[in-house]
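Undergrad: Let's see this in three dimensions:
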Amino acid sequence: MDRQFELENLRRSVAMLRVGAPALDREAAMKLVRELQALESQIRRLRDGMQRLLDDGGGDQSPGAPPGRNAT
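TA: As a prediction, the model looks like this:
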């Protein structure tokens, strides 16, 4: 199942609960924690990769080049 669809279904299910209703059992909470850990790890890798790209390309700028363009 597509993760976005699964998370949206979970969000809608929780939104339908009455205020004060218990929303997560142990298994659902553990699954949510695992998903958050995986997403945090993925974001960290993406951020590190973006920083490496910036670091690798930042020194090749010519004085008149617009930002983000390397000198040729």
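Undergrad: only C-alpha atoms for contact and neighbour calcs from this point on.
TA: Fine.
Undergrad: burial of E6, as a residue count?
TA: 11 (other C-alpha atoms under 10 Å).
Undergrad: now the helix or strand hosting it, how far from the centre of its chain.
TA: Using DSSP states H and E, E6 maps to helix 3-15. Offset of helix 3-15 from its chain centre (C-alpha atoms, centre = their mean, to the nearest Å): 17 Å.
Undergrad: who's in contact with it?
TA: For helix 3-15, the external contacting residues (C-alpha atoms under 8 Å, 6 or more residues apart in numbering) are A23.
Undergrad: now the angle from the next helix or strand after that helix to helix 3-15?
TA: Counting by DSSP H and E, the next helix or strand C-terminal to helix 3-15 is helix 26-57. Helix 26-57 and helix 3-15 are oriented at 140 degrees to each other (axes from the mean of the first three to the mean of the last three C-alpha atoms, to 10 degrees).
Undergrad: which strands and helices sit next to helix 26-57?
TA: When contacts are defined as 3 or more C-alpha pairs under 8 Å, 6 or more residues apart in numbering; DSSP states H and E, helix 26-57 packs onto no helix or strand at all.
Undergrad: Now do that helix, average pLDDT.
TA: When pLDDT is averaged over helix 26-57, the result is 89.
Undergrad: Against L36, how distant is the residue nearest the centre of the chain?
TA: The geometric centre of the chain, computed from its C-alpha atoms, lies nearest to I43 (C-alpha atoms, centre = their mean), at 4.7 Å. Here I43 is placed at a distance of 10 Å from L36 (C-alpha to C-alpha, to the nearest Å).
Undergrad: and what of D56?
TA: 30 Å.
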